[in-house]
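Participant: attaching a predicted model along with its sequence, questions to come.
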Amino acid sequence: MSTPKGSGRKKQTPKSTGPRVPGPAEILAAAQTAVEAAQSAAGQALESAQLTAGHAFDAAVRLPPASAQLAAQLPDLIENLTMAIDRLNSTIDRLDRTLALADPAFAAYDRLLPRLEAMIALGEDVLGRLARLPGVAMLGKVTGFGGRRPGEEEPPPEPPKRRR
């Protein structure tokens with residue numbers, strides 16, 4: 001740690017009161033430095049441009065003809081893709097409007113289906129209980145409604161039993 005009044009302290013010089021004006025030699029040196037920097041930057045830009053052009057030429061020379069054709073067709077492909085996306089969006093909008101119109105019908109079906117299922121179950125229950133009543137089979141044979149469905153043929157009569 002150093003002491004505040006050590007031998008390493010520098011004497012303060014009085015500051016000038018006005019702004020410092022550079023002399024002609026300093027202005028000339030700064031201008032020459034700026035010219036050299038501009039020339040260096042221009043040279044680097046020229047080298048970079050030549051290198052880029054060389055790479056582009058090499059790539060164009062080495063590019064297969066099929067790839068060149070594909071690259072030429074790319075704008076048309078992009079345009080066709082945008083048209084297809086527009087058609088898809090309009091189709092989705094139409095489907096959305098159609099589903100919005102059909103929504104009340106779907107709601108009615110949802111309310112109606114459980115009732116229909118209950119009625120079918122009740123009908124099957126009634127037919128099952130009627131089939132268990134004695135004499136219903138005989139009544140069916142007499143009336144011709146022996147449990148056959150329309151379009152079904154009558155089963156062949158049973159062969160007579162032989163006695164031994």
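Facilitator: Sure thing, it's come through.
Participant: for the chain, where's the lowest mean pLDDT among helices and strands?
Facilitator: The weakest-scoring helix or strand in the chain, judged by mean pLDDT, DSSP states H and E, is helix 136-143 (a mean of 78).
Participant: any idea which helix or strand carries the most centrally placed residue in the chain?
Facilitator: By Cα atoms, centre = their mean, the chain has its centre lying nearest to residue 85, at 12.0 Å. Following DSSP states H and E, one finds residue 85 within helix 65-132.
Participant: what is the burial count for residue 30?
Facilitator: By other Cβ atoms under 10 Å, 11 other residues sit near residue 30. The C-beta positions use only the backbone N, C-alpha and C, and glycine is treated the same way.
Participant: could you do residue 112 as well?
Facilitator: 10.
Participant: do the same with residue 136
Facilitator: 14.
Participant: you'd agree it is up against residue 130?
Facilitator: Yes: Residue 136 lies in contact with residue 130 (Cβ atoms under 8 Å); the separation is 5.8 Å.
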